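Student: Sharing a model prediction with you, sequence too.
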Amino acid sequence: MVKKILLAVAVLVALFAVYVALQPARYRIERTHVVAAPPEVVYDQIASFRAWERWAPWSKLDPKMAVEYGGPPSGVGATYHWKGDDKTVGEGRMKIVEAKAPERILIQLDFIKPWESKARNEFLLKPDGGGTKVAWVMSGDNDFVGKAYGVFVDMDKAVGSMFEKGLADLRAAAEAESVRAREEAAKGAPAGPPKP
């Protein structure tokens, strides 16, 4: 009887492993939002990791999260390393590897904890009427652990909802910066850099 139970469990585990192995090898999550601000203003909010504190959704999940910035203040080579609670934000780093102002930013994303994986974050900006259409895209390869996780969690829904929150906050930050720049210009003073 015990042998039959063990055999049944082994068969179930093997079937599950085959099912996981057949899951997609790549993933892509994308959300878009229209921002009532020029592409240059929106781009500046994304190209500087220091500005992410105003709009990035994960920074709000763990108020005690430690952040380190490296490289130039913005653009290619800028880095962002975070370390927080493994249950909420974990640990990882981002590095801007390509930047074409004000159209595109490509970020290498390395998750360290709770498990290691790599992904690409890409922001695509296009003029849309008097504003900017922003697409936030995350893509990467699914290893076995990623495929197994995807069996139980709808990654598009989970990460996509965070992207939607982040894009809404990005819209608020960029629109506020656009208003500030217009007010400064109306006073005849140079707008200056965005406020952190």
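Tutor: Received the coordinates, thanks.
Student: Report the mean confidence score over stretch 79-99.
Tutor: The average pLDDT for stretch 79-99 rounds to 93.
Student: So that it lines up with my notes, have the first residue be 21 from now on.
Tutor: Let's use 21 as the start, then, which means that last one is stretch 99-119.
Student: Name the residues of it that are buried.
Tutor: 99-104, 109-116, 119 (16 or more other Cβ atoms under 10 Å). Every residue, glycine included, has its C-beta placed from N, CA and C.
Student: Contacts made by that stretch with the rest, please.
Tutor: Stretch 99-119 is touched from outside by 67, 69, 72, 78, 81-82, 84-91, 94-98, 124-134, 141, with contacts defined as Cβ atoms under 8 Å, 6 or more residues apart in numbering.
Student: Report the residue spans of the protein with pLDDT below the cut-off.
Tutor: Counting by pLDDT under 70, the chain contains low-confidence ranges at 26-45, 164-173, 209-216.
Student: Helices of that one, residue ranges please.
Tutor: Taking DSSP state H as the test, the helices found in the chain are 22-41, 59-67, 164-172, 175-206.
Student: any idea how far the closest residue to residue 46 other than its chain neighbours is from residue 146?
Tutor: Sequence neighbours aside, residue 161 is the residue nearest to residue 46 in space, at 5.7 Å (criterion: Cβ to Cβ, 6 or more residues apart in numbering). Per Cβ to Cβ, to the nearest Å, residue 161 is found 27 Å from residue 146.
Student: ok now do the residue positioned nearest the centre of the chain, which residues does it touch?
Tutor: In the chain, the centroid-proximal residue (Cα atoms, centre = their mean) is residue 141; its distance is 5.8 Å. For residue 141, the contacting residues are 114, 126-127, 129, 156-158, by Cβ under 8 Å, 6+ apart.
Student: Give me the nearest residue to it, chain neighbours excluded.
Tutor: residue 127 (4.1 Å).
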